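Student: Mind looking at a prediction? Sequence and model below.
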Amino acid sequence: MGALPEFAFARPATLAEACALLAVEGARAVAGGTDLVPNLRRGIERPAQLVDLGGIAALDRIEERDGALALGAGVTLARLADDARIARVLPALAEAARSVAGPAHRSAATLGGNLCQDTRCVFYNQSEWWRRANGWCLKRDGDTCHVAPQGRRCHAAYSGDLAPVLLAAGAEAETATAAGTRRVPLADLYREDGAAHLTLAPGEIVARVFVPAPTPGRRSGYRKARARGAVDFPLAGVAVVLVVRDGAIAELGVGLTGTNSRPFRLAGTEGFVGQPVDDALLASLAKLIQKQVSPMRSTVTQSYYRRQVASVLAQRLVRELAAG
Amino acid sequence: MRHEDVSLRRAPAPPTHSIGSRTPLVDGIEKVTGRARYTADLPLGPTLVGRIGRSPVAHGVIRRIDATRALALPGVRAVITGEDFAAPYGVIPISQNEWPLARGKVRYRGEPLFAVAAEDEAAAEAALAAVAVDIEPLPALFTAAEARAPGAPLLHENKPGNIEREVEQDFGDVAAGFAAADLVLERRYECAEVAHGQIELNATVAHWEPERERLTVHSVTQVPYYLHLTLAQTLGLDSSQIRVVKPFVGGGFGHRVEPLNFEMVAAALARAASGAVKLELTREEGFLTHRGRPATETRLKIGMKRSGEITAVDAEVVQRGGAYGGYGLVTILYAGALLHALYKVGAVRYRGYRVYTNLPPCGAMRGHGAVNVRFAFESLLDEMAAELGLDPFVVRRANLIEPPYRTLNDLQVNSCGLAQCLDAVEQASGWRERRGKLGRGRGLGMACSHYVSGSAKPVHWSGEPHAVVNLKLDFDTGITVLTGASDIGQGSSTLLAQVVAEVLLLPMARIRVVATDSALTPKDNGSYSSRVSFMVGNAALRAAQGLKRVLVEAAAKRMEVEPDDIDWQGESCCVAGTDRRMDFAQVVQAALADTGTLTVKGTWSTPPETQGGKFRGAAVGSTAGFSYAAQVVEVSVDEDTGMVRVERVWVAHDCGRALNPLAVEGQVQGAVWMGMGQALSEETRYHAGLPLAANFLDYRIPTIAESPPIEVTLVESMDPLGPFGAKEASEGGLHAFPPALAAAVCDAIGLRVRELPLSPDRLLEAIQARRREEKLRALRAGRPGADVPEAERR
């Protein structure tokens, strides 16, 4: 990769200062930098000002009250992976954090950064020379999506591992701007457009994530399809939260990543409440997933594989969690 | 002081043996502490920043390159194009069709087109953007089939059909061989293109002294001597004007066994800018420079008797070579030579085609030329063994070479430990008890391989010895090994120190290695085709023997006896049967008294009988010693996700003699592991000639998470020509992995995959295709769920 472009750099100590700095056009937030720095070095982004959120102590907290979690956006993935409270309340989140990239990345990468990770595509995550030679692309500087040249939108895939878990668990996000904070369902943070997958306003950042207290007996897990046992982004990632009572499903939440331009909570799982976890249910679950995922040719691995393996992982995970 | 006095003072140190002992690498401390300086780290003073402008077009005529605007920018010191070079280059003297910067035409996307030198990175970037390039596009050819199609545009005017080299080799009566066979099977195999993935990024620092018209180049090369020759040729300099230094190198695997364009570009930039230029390439540029293993299609037919004996082989191999010659013709010759020379076979017909395409040039990669044909050959043996109801080990044993042996294609085999390798892995893996009995989803597979210990004929034939080592011994009583052999992490410097220490029975602490500086060290052909241990090891052995003779004679003279009376014990020597003794320092003093600083040279050349036959291309594959290897791979296969997990590998490698078992085990494991990468997940890909996976996220080299335990058995066949009996150990273990893996997958789920890599998407597709076929077949037969014989499945 090339050298970093020139930019101004600020490291505010408070959220308010950070928001004030980010309100200026051309400013860009950075925390661990594991997602942003490669993009900078590939000339994909050229911010005039980087605002480092790493100095804001308020963003670095994990709080738990009666099973409800409040997670600062600045908490590193390594901490999420190791935290005893998370392991107890939402083990899938720790699993997902542990599955991200490699240990060095996890020691720097943060919750907020992972949730706001840029979408990825083989036609986009390339050098400037490459993208220019290829006629640029819809996501940056061009007007054609090379994944689906006839289409109107960008099909870059969202590939964060944490979002599906938090979506399955019904989390909310607190976002901040210079004007103040707002609290929204996490799902509202995303839209199905690879070139603009975050609904955040310019200068708006994720400050905290709230996970509601679990129903007693809730189990959770995360499974990730990838070619290698480490480093890789998910070809498809599936998170499940499940409560089984008296042999029947009392609660089922499924979150998916890697297959679409946004992470999403599988719609229609309420219909499974009251049913036992058996082959018929798992077949229905697979059908539901097949209807809602839409992997495209945005990775070097074929899209049909990502589609199929999403169902396989979900079925296995639900079966495993149901079996306890 | 008289020598008798010394012996009374302390007991003499015992002789030290270095060969066969597990010896940490002599440069290991620098590497693990981070003190080692690689090319990009060298503190060579201020340097200009070099950058390469690359072609966005896959195939086209260069109409204009205008640097006027770039040269007018502040801080820009030079802009060069192909016109700034005196001659084209290519590692093979008869196929030199590449310019360091394209001239006339561009032939692949990413081909170097022009280069800039500037005072800093920003100025270099600005200069790159300011050069105006006008290229008239031509139709581009991205597959071997497109390039071979009638009427396809030619990449090189002198190569009709875009065939760089067509190889036709026939040995024995193939038709009769097939007629005599009990089973004849023909299959097609495909291997995706793979790249080396060496960790260190490419870098060259070139320094031009305008007053003296001298050039000094530090570079990442495996072949400093070839680089030296190529710099002289392409820059139009006399060799004496050039000095080439190879610092620490972070891996090569063949990427750097030919002089590469950026090395000459850096030198030309330095000359144009009258200064020093550092040219550091990105990972993407490494994939554009490429020189990896070509995408290969193999059609293979084998005839076999019920005993497993191979009666005839008929193979056609097509390699998608990329845009330039490079090592290409050697690759296609190696594929033919090593296809069958592993076994005793009845007759062979080989047709090989090396095809030009508008993609980055392929070249030599670990296991050069022989890996993809080995995949085909071993896979077909496995399939035929199943058809004939034979154990795969039995089939291999039915075709074993017994040395001394002359293969069908006139290759000399002086030692062969394949039988012992087979025994070792069969036993270690529990093959007889476990194979076929591990349950659905788990399986064992095996395969064999071999490789050369250096090419018996060097690329640049000059009549000189194949290897030269100088030893210097001076007043400090330390021995300096001066060698041109390139240690690229494989441990050659350690090995040479061990050889010298062993001959002289001295501790390793007395030996220093100074390597790869053309101003100091003797010429060496380089680190390729696993030649260094065998050839340079032999030269070091002879140099050390020469030095020992000088020292023994000096000791004899000083103690007034005949040399034969001297009992040499390393740190001291004595007159045999007496207590008259001199220590090493005294012997050195005595020797220096006669001549001053001692320099002793050792040389080695391959004997003529090992240099191959007389037919065209016969030299490729010829070697003074073949290594042999067998391995068993155990896998588990997830049929719902297509994921293959390598549980364990047992490998036995006949390295002749393990000079340094620690290093040999590491090299064998590395070779197996690299074979695993090619078999499981590695694959370059292109989008209209642009590399899609030009980074280590998308080019999937295995991580430690999927690295299995690799249990190594070293077989020592004591080669009669090798130094202390040693042969190659760094490459031969690679070739057998992919076919052993495919065989293991077949054992696990009954499915034969004939394409590499067995990535999860490819395997799942094959599994589902089989399910569909089975369903269809069962429907047609009216027998739902009926079992289908394994051989009919694909």
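Tutor: Right, received. Where do you want to start?

Student: Could you use CA atoms for every contact and neighbour count after this?
Tutor: OK.

Student: Which part of the stretch 251-400 of chain B gets nearest to chain A, residue-wise?
Tutor: Nearest residue of the stretch 251-400 of chain B to chain A: B:Thr282, at 5.2 Å (C-alpha to the nearest C-alpha).

Student: Enumerate every residue touching that residue.
Tutor: Residues near B:Thr282 by C-alpha atoms under 8 Å, 6 or more residues apart in numbering or on different chains: A:1-2, B:201-202.

Student: of all those residues, which two lie farthest apart?
Tutor: A:Gly2 and B:Asn202 (13.6 Å; C-alpha to C-alpha).

Student: Those two - which one has more neighbours?
Tutor: B:Asn202 (27 against 17; other C-alpha atoms under 10 Å in any protein chain shown).

Student: Counting neighbours, what do you get for the closest residue to the more buried one other than its chain neighbours?
Tutor: Leaving aside its sequence neighbours, B:Asn202 sits nearest to B:Leu281 (C-alpha to C-alpha, 6 or more residues apart in numbering or on different chains; 5.3 Å). The local packing of B:Leu281 (other C-alpha under 10 Å) involves 20 other residues.

Student: So B:Leu281 versus B:Gly110, what's the distance?
Tutor: From B:Leu281 across to B:Gly110, the span is 12 Å (C-alpha to C-alpha, to the nearest Å).

Student: again, but for B:Tyr451
Tutor: Distance from B:Tyr451 to B:Gly110, by C-alpha to C-alpha: 33 Å.

Student: what do you get for B:Met676?
Tutor: According to C-alpha to C-alpha, B:Met676 stands 29 Å off from B:Gly110.

Student: Taking the stretch 51-200 of chain A, what residue is nearest to chain B?
Tutor: A:Ala133 (4.8 Å).

Student: I'd like to know how many residues surround the closest residue to that residue other than its chain neighbours.
Tutor: Nearest residue to A:Ala133, sequence neighbours excluded (C-alpha to C-alpha, 6+ apart): B:Pro56, at 4.8 Å. Neighbour count of B:Pro56, defined by other C-alpha under 10 Å: 25.

Student: follow-up on the earlier one: quick one, which of B:Tyr451 and B:Gly110 is more surrounded?
Tutor: B:Tyr451 (30 against 27).

Student: tell me the secondary structure for the more buried one?
Tutor: Classification of B:Tyr451 using DSSP: H, G, I helix; E, B strand; the rest coil returns strand.

Student: Quick check: which element contains the residue nearest to it when sequence neighbours are not counted?
Tutor: Spatially, and ignoring its direct neighbours in sequence, B:Tyr451 is nearest to B:Gly732 (4.8 Å; C-alpha to C-alpha, 6+ apart). Under DSSP states H and E, no helix or strand contains B:Gly732.

Student: Can you read off the backbone torsions of B:Gly732?
Tutor: Per-residue torsions, B:Gly732: phi -60, psi -20 (degrees, to the nearest 10).

Student: count of neighbours near it?
Tutor: Using other C-alpha under 10 Å: B:Gly732 sits among 32 other residues.

Student: wait, it sits on B:Ser453?
Tutor: No - B:Gly732 lies out of contact with B:Ser453 (C-alpha atoms under 8 Å); the separation is 9.4 Å.

Student: so what sits against both of these two?
Tutor: Common neighbours of B:Gly732 and B:Ser453 (C-alpha under 8 Å, 6+ apart) are B:Ser627.

Student: need the contact list for A:Lys287.
Tutor: If you count contacts by C-alpha under 8 Å, 6+ apart, then A:Lys287 has A:Ser311 around it.

Student: Go through the helix or strand containing it and flag the buried ones.
Tutor: For A:Lys287, the host element (DSSP H and E) is helix A:279-292. Buried positions in helix A:279-292, judged by neighbour count with 16 or more other C-alpha atoms under 10 Å in any protein chain shown: A:282, A:285-286, A:288-289, A:292.

Student: could you dump that helix to PDB, C-alpha only?
Tutor: The C-alpha trace of helix A:279-292 is given here as PDB (Å, rounded to 0.1, in the frame of the first residue of the first chain):
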ATOM      1  CA  ASP A 279     -35.700 -30.500  11.100                       C
ATOM      2  CA  ALA A 280     -38.900 -28.900   9.800                       C
ATOM      3  CA  LEU A 281     -38.200 -25.700  11.700                       C
ATOM      4  CA  LEU A 282     -34.600 -25.600  10.600                       C
ATOM      5  CA  ALA A 283     -35.700 -26.100   7.000                       C
ATOM      6  CA  SER A 284     -38.100 -23.200   7.300                       C
ATOM      7  CA  LEU A 285     -35.300 -21.100   8.900                       C
ATOM      8  CA  ALA A 286     -33.100 -21.900   5.900                       C
ATOM      9  CA  LYS A 287     -35.800 -20.800   3.500                       C
ATOM     10  CA  LEU A 288     -36.300 -17.500   5.400                       C
ATOM     11  CA  ILE A 289     -32.600 -16.800   5.200                       C
ATOM     12  CA  GLN A 290     -32.400 -17.600   1.500                       C
ATOM     13  CA  LYS A 291     -35.200 -15.100   0.900                       C
ATOM     14  CA  GLN A 292     -33.500 -12.300   2.800                       C
END
